[in-house]
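test case, fold it:
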Amino acid sequence: MHLLKYTYSILILFIFFGQSYSQNNIPIKDSLDIMKVMDFQEKAWNNGDIDSFMDGYLRSEELVFSGSNGPIYGWNATKERYKRSYPDLKTMGKLSFTVKKIKSLSKKTAYLIGEYYLKRTIDDSFGHFTLIWKKVNGKWFIVSDHTSSSN
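Here you go, the predicted model:
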């Protein structure tokens with residue numbers, strides 16, 4: 001009887017921790033879809049196309065961008081911030097991302113931790129970001145972007 005209780009206890013712990021672990025694993029298709037958006041944004045940025053770069057963000061007042069000057073709310077305000085901060089190709093430079101981790105928060109939300117590198121003639125920039133993603137109508141969009149420069 002004691003062995004049976006012990007076995008059930010181990011089984012319950014295994015199920016609990018197994019579910020916790022599996023809930024954080026993002027399906028491969030979702031991970032690839034998110035990476036495609038990141039790749040698209042990188043290419044749009046490197047072409048000087050902030051409008052297309054913004055397609056990776058959810059067009060909503062729900063969007064929040066947090067940087068060194070605090071949070072900015074809404075898609076339009078975020079786009080204007082990018083255009084103000086990066087008015088030309090010289091200030092935009094060439095962007096590359098390195099993704100460190102993607103994890104699922106639910107079936108329709110995920111978070112991504114990464115680094116950005118901005119190579120420019122005026123100076124280079126490097127930093128870290130955490131993105132919260134939301135799946136809407138089968139497509140992934142950024143709903144929260146917290147970016148901090150390491151310069």
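
distance from the chain centre to stretch 44-54, please.
17 Å (Cα atoms, centre = their mean, to the nearest Å).

which outside residues touch it?
With Cβ atoms under 8 Å, 6 or more residues apart in numbering as the test, stretch 44-54 has contacts from 40-41, 55, 75, 78-79, 82-83, 86, 88-89, 92, 94-95. (C-beta placed from N, C-alpha, C; glycine too.)

relative to Val143, which of those residues is nearest.
Trp75 (10.0 Å; Cβ to Cβ).

in the sheet, who's paired with Phe141?
Lys134 (DSSP bridges).

can you give me the neighbour number for it?
Phe141 has 22 neighbours, counted by other Cβ atoms under 10 Å.

can you pull out the helices in this structure?
Listed in chain order, the helices of the chain (DSSP state H) span 2-24, 28-46, 50-53, 75-85, 89-92.

buried sites along the second one?
Along helix 28-46, the positions that meet the burial threshold by neighbour count (16 or more other Cβ atoms under 10 Å) are Asp30, Ser31, Asp33, Ile34, Val37, Met38, Gln41, Glu42, Ala44, Trp45, Asn46.

now it: mean pLDDT?
Mean pLDDT, computed over helix 28-46, is 98.

cool, the third one as well?
Helix 50-53 comes out with an average pLDDT of 98.

circling back to that earlier point, could you dump the buried residues of helix 28-46 into CSV with distance to Ile142 added?
As requested, the buried residues of helix 28-46 are arranged in CSV below (distance: Cβ to Cβ, whole Å):
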residue, distance to Ile142
Asp30, 14
Ser31, 15
Asp33, 13
Ile34, 9
Val37, 8
Met38, 9
Gln41, 9
Glu42, 13
Ala44, 13
Trp45, 14
Asn46, 18
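
and of the residues you listed, the nearest to Lys107?
Nearest member of the buried residues of helix 28-46 to Lys107, counting by Cβ to Cβ, is Asp30, at 8.8 Å.
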